[in-house]
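> for reference, the sequence and a predicted model appear below.
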Amino acid sequence: MNLDKMATGMAKSSRLRVLFAARDLSGGGAERSLINTVRFLDRSRFEPAISVWRDVRDYPVPEDVPVFNLKAFGRGRTPLVIVRTAQLLRRWRPQVVFSFMGFPSLVTGLGVKLSQLKCAWFTSIQSVLSVEFGRLPGWFCRPILTWANGNIVISRGIQESLESVFGVPRDKIITIPNPISFADFPAGGGGGAPRTDGKYRLITMGRLVEEKDHATLIRAFAKVRQRAEAELVILGEGPLRGSLESLCSQLNVAADVRMPGFSKNPVEDLRRADLFVLSSVVEGLGMALIEAMGAGLPAVSTNCPFGPREIIQNKKTGLLVGVGDSDALADAILWMHENPQDARRFAQEGMVRVRETFSTERIVRQQEELFCEAAAETAPARLAGRGER
């Protein structure tokens, strides 16, 4: 492990050091939000770095940001992650640690404790508690989360469940959405306009996992195909690819469903689409939905916990339907197809709203102020600790 050389070999800086901690940088909303924050963090005030359990990168890391690979990914290696996190903290000495996702945050918090470094520590909780923490009980998670200076949640729904289910004190929970760079998703979606090839193109983005419920979307698409010439693009990769491809074959829609895998830059796919559809049974917020609406696409989404209802104003900026209801989802898709003028109006109003609410510039500034305030509170103890060495 080269943490000694990497961490101690870096020049001291007057900027505030912020360590972003994650399991890895594989393709997902949490990982993308981490990279967005790192990209847009004010370099005149902050010096960012990233620590990972394994060096998997589906998103490009800025060249000026070091990535510390703890090389401790895998079953039974959690104690090693804690120890190596503590070692890294003692050497790189950040003023702020910002950890992503539930279980990795618990592990990072234990590393912060073990290091005895007087730094501020924030968690980023991205989804419902069962997804974030698995089967870990609230009585185990609560004390660790309470150690944090704050638990940043991306939606009001997560805030309420963290407080009511896990019993985390309200003053330890901060609601800040994920930052989204709309420069990467310029406006220009189809907005409900007919395609030149005569097919109405639907698109969705998300890992091929049960939470995204692509099966319901495929069933809805099969019903749409009975009334309209359409095609479906599913961007994402995951363990359910085989079963989803089998379902497409069973429903005789395989020729019109394209599953190209994960896309690091789905801009062109969004630009060529007519409608974005989210079929999830659960979301922390719905980053893909925000990106698509920010790109100017009309949207249909399930009204799942927690995010879509905080993004879409039903029948004003998009349409919300019941979870797991393929008939309602098909009807909403067909309504958008058959009412292109209303779809374009939804798209325009939705684009304005999400760009105002979720822009990277706005969200990262909130995070920066939070980091500065917390670092200032820990500075006296931290400086005193340095003086004793």
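Yep, it's here.

> quick one: strands adjacent to the host helix or strand of residue 232?
Per DSSP states H and E, residue 232 falls inside strand 230-235. According to DSSP bridges, strand 230-235 forms sheet pairs with strand 200-205 (parallel), strand 257-261 (parallel).

> contacts only, for residue 157.
Shown in contact with residue 157 (C-beta atoms under 8 Å, 6 or more residues apart in numbering): 128, 305, 306, 307, 310. C-beta coordinates here come from the backbone N, C-alpha and C atoms, glycine included.

> sorry, slip of the keys, the one I care about is residue 291.
180, 182, 185, 205, 266, 270.

> check which helix or strand it maps to.
Residue-wise, residue 291 maps onto helix 287-294 under DSSP H and E.

> quick one, strands of this protein?
16-22, 46-52, 67-69, 96-100, 120-125, 150-153, 173-175, 200-205, 230-235, 257-261, 275-278, 299-302, 319-321 (DSSP state E).

> same for the first one, what does it pack against?
It stands for strand 16-22. With contacts defined as 3 or more C-beta pairs under 8 Å, 6 or more residues apart in numbering; DSSP states H and E, the packing partners of strand 16-22 are helix 29-40, strand 46-52, helix 78-92, strand 96-100, helix 102-115, helix 360-388.

> out of these, nearest to residue 241?
helix 29-40 (19.1 Å; C-beta to C-beta).

> helices and strands around the closest one, which ones?
If contacts are counted by 3+ C-beta pairs under 8 Å, 6+ apart, helix 29-40 sits against strand 16-22, strand 46-52, strand 96-100, strand 120-125, helix 287-294, helix 360-388.

> try 7 Å
Packing partners of helix 29-40 (3 or more C-beta pairs under 7 Å, 6 or more residues apart in numbering; DSSP states H and E): strand 16-22, helix 287-294, helix 360-388.

> tell me the contacts of the closest residue to residue 95 other than its chain neighbours?
Spatially, and ignoring its direct neighbours in sequence, residue 95 is nearest to residue 375 (4.2 Å; C-beta to C-beta, 6 or more residues apart in numbering). Taking C-beta atoms under 7 Å, 6 or more residues apart in numbering, we find residue 375 in contact with 16, 95, 96, 120.

> chain center to the helix holding residue 291: distance?
Here helix 287-294 is found 11 Å from its chain centre; the criterion is C-alpha atoms, centre = their mean, to the nearest Å.

> now it: mean pLDDT?
In this model, helix 287-294 has an average pLDDT of 94.

> measure residue 120 to residue 94 for me?
Remark: distance between residue 120 and residue 94 (C-beta to C-beta, to the nearest Å) = 9 Å.

> setting aside sequence neighbours, what's the nearest residue to the most centrally placed residue in the chain?
Centroid check for the chain by C-alpha atoms, centre = their mean gives residue 29 as the closest residue, at 2.5 Å. With C-beta to C-beta, 6+ apart as the criterion, residue 29 has its nearest non-adjacent residue at 3.8 Å, and that residue is residue 287.

> please apply the same query to residue 223.
Distances taken as C-beta to C-beta, 6+ apart put residue 330 closest to residue 223, at 3.9 Å, once the chain neighbours are dropped.

> before we move on, what about residue 279?
residue 217 (3.9 Å).

> surely that neighbour and residue 204 touch.
Yes: using C-beta atoms under 7 Å, residue 217 is in contact with residue 204, at 6.2 Å.

> overlap in contacts, these two.
The contact lists of residue 217 and residue 204 share 277, 279, where a contact means C-beta under 7 Å, 6+ apart.

> show me the shaky parts of this structure.
Within the chain, the stretches with pLDDT under 70 are 1-13, 186-197, 379-389.

> tell me how it divides into domains.
3-179+360-383, 182-358 (automatic domain parsing).

> quick revisit: could you dump the helices and strands packed on helix 29-40 to TSV with distance to residue 112?
Converted to TSV, the helices and strands packed on helix 29-40 look like this (distance: least, C-beta to C-beta, whole Å):
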stretch	distance to residue 112
strand 16-22	9
helix 287-294	27
helix 360-388	11
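
> for these, which one sits closest to residue 37?
helix 360-388 (5.6 Å).

> still on that earlier bit, out of the helices and strands packed on strand 16-22, which comes closest to residue 137?
Residue 137 sits nearest to helix 102-115 of all the helices and strands packed on strand 16-22, at 12.0 Å, using C-beta to C-beta.

> quick one: buried residues of that closest one?
102, 104, 105, 106, 107, 108, 109, 110, 111, 112, 115 (16 or more other C-beta atoms under 10 Å).

> that helix packs against which elements?
For helix 102-115, the packing partners by 3+ C-beta pairs under 7 Å, 6+ apart are strand 16-22, helix 78-92, strand 96-100, strand 120-125, helix 129-133, helix 138-147.

> return the list of helices and strands in contact with the longest one.
What that stands for is helix 78-92. Applying 3+ C-beta pairs under 7 Å, 6+ apart, one finds that helix 78-92 contacts helix 3-8, strand 46-52, helix 102-115.

> how far does it sit from the chain's center?
Centre-to-centre, helix 78-92 and its host chain are 25 Å apart (C-alpha atoms, centre = their mean).

> before we move on, what about the fourth one?
Its chain's C-alpha centre lies 15 Å from the corresponding centre of strand 120-125 when counted by C-alpha atoms, centre = their mean.

> got the angle for that strand vs helix 138-147?
130 degrees (axes from the mean of the first three to the mean of the last three C-alpha atoms, to 10 degrees).

> let me know the angle separating strand 120-125 from helix 78-92.
Interaxial angle of strand 120-125 relative to helix 78-92 (the same axes, to 10 degrees): 140 degrees.

> partner strands of strand 120-125 and their direction?
Here, using DSSP bridges, strand 120-125 pairs with strand 96-100 (parallel), strand 150-153 (parallel).

> surely residue 142 touches residue 166?
Yes: in this structure, residue 142 is within contact of residue 166 by C-beta under 7 Å, at 5.3 Å.

> okay, these two: which has more neighbours?
residue 166 (22 against 16; other C-beta atoms under 10 Å).

> for the more buried one, give me its contacts.
Per C-beta under 7 Å, 6+ apart, neighbours of residue 166: 129, 138, 141, 142, 145.
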